[in-house]
Structure formats: structure tokens, C-alpha cells
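Undergrad: prediction below, plus the sequence it came from.
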Amino acid sequence: MALSMNTLELQKLRRILAKVDSYAKTMKKLSDGQLKDKTSFFKKLLKKGASLDDILPEAFAVVREADRRVLGMFPFDTQVLAGIVLHQGNVAEMKTGEGKTLSATMPLYLNALTEESTILVTTNEYLAMRDAKEMGRVYRWLGLTVACGVVNDPSVKLKPEDKKKIYASDIVYTTNSAVGFDYLLDNLADSAAEKYMRPFGYVIVDEADAVLLDSAQMPLIISGAPRVQSNMYKLADNFVQLLTENVEYRMDEEKKNVWLTHAGIDEAEHYFSLENLYDGTHTELVRQLELALRAHTLFENGKNYVVENGEVKLLDAQNGRILEMTKLQSGQHQALEAREDVELTPDMRAMTSITYQNLFRMFKKIGGMTGTAKTAEDEFIETYYMKVVQIPTNKPVIRKDFPDEIYTTLPEKILASMQLVRQLHEKGQPILLVTASVEISEIYSELLLHERIPHNVLNAYNAAKEAEIIAEAGQRGRVTVATSMAGRGTDIKLGKGMAKLGGLAVIGTEKMANERIELQLRGRSGRQGDPGMSKFFVSFEDELVIKYGARWMHTFYEKHKNFALDKPQKLTSFRVRKAIQRAQKYSDSSGVQQRKSTLEFDESVRVQRELVYKQRNNLIRQTDECKYDISQLFEKYIEKFIQKNKILTSVKVSRFVFDNLSYKYSGLPAETDCSEPKKMRALLLEICRKELNEKKIKLIDKKEISRFYRLSLLKAIDDCWIEEVDNLQQLRTVVSSRQYAQRNPIFEYHREAAHSFKKMKRNIQKQAVQNLLLSTVLENEDGTRSIYFS
Ligand SMILES: Nc1ncnc2c1ncn2[C@@H]1O[C@H](COP(=O)(O)OP(=O)(O)OP(=O)(O)O)[C@@H](O)[C@H]1O
């Protein structure tokens, strides 16, 4: 059924392809100048009312010809098909190595003709820079502007004016995290002049499954002011090191949660000399113990993070790369720092955050491309309303994917995999040896050294040498040990004569968390119809089996773990093979579940963020005249005060005035009758007006007054929103633990989030009034004015 749907879809696409083809000859005959003139011609057609679909065949044909003239590559029919899918806002599944980069040139050019923002995001800086440079030549040749949204050196920070130039370009190549952070930062701007992003138009997401699905769990967060630092991190860390698994603490099967047992609680009470750890007075210690325990049991150095120059840096679970600007929240990062004995960094409050799903859903149209999407089609449809279309390969894939070799123990597996490496290396065949963590990549490196096999290592520690290592990886006799960094996007070109030797051999040293990661790794070989081979080695000690394997596998392992260390024993039974596959399926569906729950949790933040940003943007746009009704703001605020206080006394009113409306007020006149709300209302409003007028007089002109209004309101919104984001983040941790109390955490979360949003709105009103009335306007020496908020 699924296949025939795909065939139908392809039939429709082929009809469009035929139209693109029909222009090929004409385009070939055009001079360079005539071909370049097509850009302005298309723009005119669009302005006259033609649609993108109308001009697609000719525009694609123009880019195809330009690709040939500028890059020396003429997009294959299959690449044109993929280009159409991308333009239509769906996911093009192209087998690895089929040339996604070139396919994207056609839809990017077409959509950029609308003069709306057109962006291509990839998963890493290296690819963004490479493609902006390489493919950029074609767009420039055709008269469009191109920019790259990332820089080589992480210590170089782009300034708003640089970013403005970048985002103003017709086509931008960048990374998903750069767009995300830029979006968040752009929405912290105080004035329209500081904003640099254009409204989101069209985006092509490279490695769509990795970005749109797998990366969903880790929201992008911008941190602000530090929280008060606890001094208990080290103490808690020392304590948990004394504990033993299954005695003082226990973990769930998937190793996602850990908790103290009764024995563990007794131990803690004894260690910290407490009567009762859970009597409610030691909440900070309880939290610290939990963080320290998690740091020691759920995180692995070399897999989840690395320590570089005395800093704990997180690794992207999908591609093994360092996640810049990202830290674990709510003290978990500090607990890891304590575990690694490096200097503790301050725990920052989250100022604003967004998940990738919600970021990309803001674009008018998304096209996705990847080698692996079909198995996740339901998730694509459900989350983004995107279909997945499988594009046939240009040439048949002749790579041999061998079945997994399965062993009981880790040493057996290592021995067997090293044997294969030796055997292939002797022939001179290039080898890519992939591992699931930095640590294992280093173990293999040592083994190879021991065997005197020269090799390169590519992991998070030497990402800088990536281009160099990849350039050599397909040459005779090369052995490259790499983490999943050498997965997606890595284009290994075969050296001379290597096809005859069998092409690149991909050897996996561990079963990966899902099938897609594995397919991506195999796909480094057999590109563009080249020969190649791939094989994965598995043992019952692999993380995947430990976490997701059937119970009998653990019993089997315990029984057989001491046998046959010197001579690896392959396990070939159908039952074992099936069980390994099933473990991988479980692991994958556990990922799907987690992503769904992240999305559900994020829904409240999304709704709130959209409302807040809308209000912010409205204000920012009012540069000349602030249209916000200030008098109404005062009236509402005063009304609320009066409603809340059924009996008004002179003390209460004076306090209210002093806290909110004016510092100058020295108390109500003795004869004031506070019991009369109407009179009170008038009196308080008069105070507001007077106070505001005094400020207005100090400001030079209407424009400055409106700037003062704008800043007062923006500051109120921002301060309260920061508080709210932080609140929601904390709330999530709290409700997650209620899961154990048989409640529906998501329902509770939304309920409490709605409640806290209402509270935030009240606070914004309050702070806006205070900012307007209690701030100070001072004249500077040069005649300009500065505003100081209290
Ligand atoms: N039409 C073409 N003519 C000639 N060479 C091409 C063509 N299209 C792509 N190539 C070459 O094929 C190789 C693979 O391209 P690319 O890296 O874009 O593949 P990919 O689909 O992105 O792979 P992956 O899925 O692994 O990221 C590159 O070396 C590229 O130059």
C-alpha cells in the first residue's frame, strides 16, 4: 500500500520533471548573460501574478543549466524529483550519497525569487559553510545574494549588524541551532532597528529526521541572570560516591531514572546527621542528592558529554558533536561539574526557550531531505503535516550490507571486529570504524596502535580536523575511527583504484539506538553507485541490549559470560537476531514517546511565547508614536486595587501609592475620606497623571516620550516573561515527579501553566505602571536623556 502511494506520487512528479526536461535544450543554447537575465524575468512574472508552480519548470531548468556551467554537475532526474518534493513542502527521502546538496539548489532559487526569507539549515557548521561556499557560486552567478549564518570560530560573535546583512540575503545557509538562537535573541531586541530577522518564509531542513524529530528533546535556551548558587554540590557528590547500585539506589530498566532505596535514605540521614531526610526541611539537600545521583549514574563521560579545557560540554546524542551554548538546566550541569571536579559555573535562569518543532512550524513552508525518513513518516505527518516521498536512486546501490555479527561478551566482539579490520586493511581497503562513544573510539585507537595499524580518529575532541580526515578517509589503506560524527552529511570520496578493492568498508562496533542512525553510517559507503560494504558487531554488553533487551538475554549473558574469551563464538540463532532487532525497535519507540511528550509539554510555552512576542512586536513597531493606551492601563490597575480592598484605609492607600505610583507622596491629607471608592479612584488617577506629566516634560519631543513608553512596557514584558519561562521549566520537573503519584503530569502542567500565565499578565501590568511612574529621567551632558528603572 505504502509503496503504491509512493509510486503514484512519483508519477505526478515525473510529469513535472518532463516539463523541466523540455526546457533543457533551450537553456543549453542560451549565453551566460541570457541565462542570468532569467532571474529578473521570473521576478517580473511573479509580480504580475504568476505562481511559483507556474514558473517551476523553467526556473528549475535554469538552475540545472547554471549548476552545470558553474559547478560542472548537471542535476540528475532523481535530483530534480527531490527538488520538486522540497518545493512542495514535503520530505524527500534520498538514499545517502545521492546528492541532496545539489537537489536543494533548484527549490532554493525558485523560492528565493519571491524575495521572502529562504533558508537552508544543516546539522553542523562545517556543512553550512561548505555548502554556502560551493553552492553559493551558482546563486551569485544567477544574480541572487547568499550568506552563511555561522562562522568557523566559536569565539567570534556575530554582531546584530552582521546578522542583519546575513538574514537580508536572498538565500542563507546555516545550522538549525544558529537559526533558533538568532530567533530568540532577535526577540529580545528593544527597538525595530535592532531586529535583524525577516519573517520566516521557506526553509529546507537537511537531515530532516535528525533535526525535526530526534533533536526535539533538547530545547534551545537562552540564559540570563544566575540563580543563587547552592554550596552543596560537592558535598552531595562526595556522598553519592559511597553508594552501591541495587543496595542504596536503584535505576529503572531503561536507565532514565534513579532513586534512593530505604537503605540509601538511612545512609544519607546517617551521613548528614539528620532525623528525617524527607521531613520537608531539607528540600535543597534532597534535590542535590538527586542531581548528584543522576550525574553519577545517568550520564557518561565520552558519551553524553566531554570535559574540555576544564569545562563540561554536552554532546549531541545524534551526531556526537559538541553542543555549543547548551547546558543542562536546574543544577544538573553543576552536578556534573562537581562529579568531574572542575570549577562550577553559575546555574543560570532560563530567559527564553524554544524547541525545534515550534521553531520550524513558524515557517510558511518547510521542505525536508534526508536518507532516512520513511520509517518515521507517521511522526512527520502528525507533527508537521509533511508527506515522505522516496526518491529512487540515480544508479542502483551495490553496497553489500552484511547481517550483524553477534557475540555474548564485549571482548569477543572486539576481538572479532579487530580481526575483520586487520583482514581488510591488509588488502589496502579503506575502513571507517564507527563507535557509539568517544571513549570506545579511543579504546579502538589503542588497539590499532597496538597492532601497528596507522589510523585517524574523528571525535568531538578533534572536530577541527574533520575536513582533513574525511578527505583522506577513502584512500588506500586508510583506517578512520569515528563516532557518529562521521554519519550524516559526511561525503567520503574513494581514492584511485579503491573501487576495485571493494570500496569503503563501514564497520560498526555497536548496535545503534535506532535503525536510522545505522543506515546513515552504512550510507558513507556505496555512494553514487560505488561498491562498498558494511557490517555491525553486536554484543550482549551493548548499551542497547542492556537497556532494551529481553529479560532472557540478561540471563543468557550471565550464564555464558565466562566462556570462550580467546575464541569468539558467533551467535547465529534466529531468536537472538530477532531479539536484537526488537531491542532496537523498543529503543526507537521510547524515543518517539519522549518526543511526543516534549511536544505536549512545550505546547503551553509555545502558546504563551507567541502571545508575548506578538505583543512585543506590536510595541517595537510603534517607533514614532506609542499607541498603547496608558490611561487605560492606570485605570485598570487602580480599579483592581480598589476591588481587592473592600475596606480602604489611609495606611493602605498610602502604601499603594508609595510602592506603585510615586516616591514623592508624603501621605494622604488627614481629611481624605477613604471609604468612598469613586473619590479614591479620581485621586489615585490624578497622582498617576501628575507623575507621568513630570516625566514627559523632561523628555524632549513626542518621539522620545513614545520611546519612554515603549521601553517601560517592554521591560515589564521581558522581566515577567523571563520569570515565567523559568517558572515553567521548574514546573516541568515538579510535575514529572508526580507521575509516580498516578496523576497525569501533562494535564497538571497545562493547568498550572495557564494559572501562572494569568499571574504573569497581572505582573506585567503592575511592572509597567511602576516602570512608567517610578523611573527617573535624567538629562545627560550631551543633551540626550537616560531613563533609569527602579
Ligand atoms: N548531478 C551530479 N553529478 C555529479 N556528481 C554529483 C551530482 N550530484 C551529486 N554529486 C556528487 O555526489 C556526492 C554526494 O553528494 P552529497 O554529499 O550532496 O550527498 P548526500 O545525499 O547529501 O549524502 P548524505 O545523505 O550522506 O548526506 C558529492 O561528491 C557530489 O559532488
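TA: Now that the structure is in, tell me what you want to look at. Worth saying up front: this structure is predicted, and the values here are computed from it rather than measured.
Undergrad: you'd agree Gly368 is in a helix?
TA: No: counting by DSSP: H, G, I helix; E, B strand; the rest coil, one finds Gly368 to be strand, located in no helix.
Undergrad: neighbours around it, how many?
TA: 27 (other C-beta atoms under 10 Å). Heads up, the C-betas are built off the backbone N, CA and C, glycines and all.
Undergrad: and if you look at Glu267?
TA: By other C-beta under 10 Å, neighbour count at Glu267 equals 21.
Undergrad: so it is in which element?
TA: Assigned by DSSP states H and E, Glu267 belongs to helix 262-271.
Undergrad: give me the contacts around that helix.
TA: 239, 242-243, 247-249, 260, 274-278, 289 (C-beta atoms under 8 Å, 6 or more residues apart in numbering).
Undergrad: ok, now with 6 Å
TA: Helix 262-271 is touched from outside by 239, 247-249, 277, with contacts defined as C-beta atoms under 6 Å, 6 or more residues apart in numbering.
Undergrad: show me what the following helix or strand past it is packed against.
TA: As assigned by DSSP H and E, the chain's next helix or strand after helix 262-271 is helix 283-297. Judged by 3 or more C-beta pairs under 6 Å, 6 or more residues apart in numbering; DSSP states H and E, helix 283-297 is in contact with helix 233-240, strand 258-260, helix 332-340.
Undergrad: tell me the mean pLDDT for the shortest one?
TA: Taken as a whole, strand 258-260 carries a mean pLDDT of 83.
Undergrad: name the residues that touch that strand?
TA: With C-beta under 6 Å, 6+ apart as the criterion, strand 258-260 contacts 249, 251, 293-294, 297.
Undergrad: what residue ranges in the stretch 451-600 of the chain score low on pLDDT?
TA: 563-566 (pLDDT under 70).
Undergrad: how about the residues of it by the ligand?
TA: 488-489, 491, 523, 527-528 (C-beta under 6 Å from any ligand atom).
Undergrad: mind running it again at 5 Å?
TA: Proximity of the stretch 451-600 of the chain to the ligand (C-beta under 5 Å from any ligand atom) is limited to residues 489, 491.
Undergrad: equivalent analysis for the chain, please.
TA: Counting by C-beta under 5 Å from any ligand atom, the residues of the chain that sit close to the ligand are 73, 76, 96-102, 371, 489, 491.
Undergrad: how about 6 Å then?
TA: So the chain meets the ligand at 73-76, 79, 94, 96-102, 371, 488-489, 491, 523, 527-528 (C-beta under 6 Å from any ligand atom).
Undergrad: filter those residues to the buried ones?
TA: Using 16 or more other C-beta atoms under 10 Å as the burial test, these include 75-76, 79, 94, 96-102, 371, 488-489, 491, 523, 527-528 as buried.
Undergrad: show me the residues you listed that map onto helices.
TA: Of those, the ones assigned to helices by DSSP state H are 79, 100-102.
Undergrad: can you pick out the most distant pair from those?
TA: Gln79 and Thr101 (9.5 Å; C-beta to C-beta).
Undergrad: could you check which helix or strand contains His683?
TA: Just so we're on the same page, residue 683 is Leu rather than His. Assigned by DSSP H and E, Leu683 falls in helix 677-698.
Undergrad: what about whichever helix or strand comes after that helix, average pLDDT?
TA: As assigned by DSSP H and E, the chain's next helix or strand after helix 677-698 is helix 702-738. Averaged over helix 702-738, pLDDT sits at 78.
Undergrad: would you mark the buried spots in helix 702-738?
TA: For helix 702-738, by 16+ other C-beta under 10 Å, it's 704-729, 731-732, 735-736.
Undergrad: same thing with stretch 39-48?
TA: Quick answer for stretch 39-48 (16+ other C-beta under 10 Å): 39, 42-43, 45-46.
Undergrad: closest to the ligand out of the residues you listed?
TA: Closest approach between these and the ligand, by C-beta to the nearest ligand atom: Thr39, at 21.8 Å.
Undergrad: doesn't the closest one lie inside a helix?
TA: Yes: assessed with three-state DSSP, Thr39 lies in a helix.
Undergrad: Leu142 is in contact with that one, correct?
TA: Yes: contact criterion C-beta atoms under 6 Å: Thr39 and Leu142 qualify, at 5.2 Å.
Undergrad: mind putting the contacts of strand 258-260 into a markdown table with pLDDT and neighbour count?
TA: Conversion of the contacts of strand 258-260 to a markdown table gives the following (pLDDT from 0 to 100; neighbours: other C-beta atoms under 10 Å):
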| residue | pLDDT | neighbour count |
| --- | --- | --- |
| Tyr249 | 90 | 21 |
| Met251 | 81 | 17 |
| Leu293 | 91 | 23 |
| Arg294 | 89 | 21 |
| Thr297 | 90 | 17 |
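Undergrad: all strands of the stretch 301-450 of the chain, in order?
TA: Secondary structure of the stretch 301-450 of the chain by DSSP state E, counting those that start in this stretch: the strands cover 305-308, 311-314, 348-354, 365-370, 388-390, 400-401, 405-407, 431-434.
Undergrad: could you give the average pLDDT over stretch 320-336?
TA: 81.
Undergrad: list the buried residues in the helix holding Glu267.
TA: 264-265, 267-268.
Undergrad: CSV for the residues you listed, including pLDDT?
TA: Below are the buried residues of helix 262-271 laid out as CSV (pLDDT from 0 to 100):
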residue, pLDDT
Gly264, 89
Ile265, 89
Glu267, 91
Ala268, 90
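Undergrad: can you tell me which of the residues you listed is closest to Leu323?
TA: Gly264 (31.6 Å).
Undergrad: past the lengthiest helix in the chain, which element shows up next along the chain?
TA: Criterion DSSP H: the longest helix present in the chain is helix 574-621. Per DSSP H and E, the first helix or strand lying C-terminal to helix 574-621 is helix 630-644.
Undergrad: and that next one, how far from the chain's centre?
TA: 42 Å (C-alpha atoms, centre = their mean, to the nearest Å).
Undergrad: just the buried residues of helix 262-271 now: which is nearest the ligand?
TA: Gly264 (46.9 Å).
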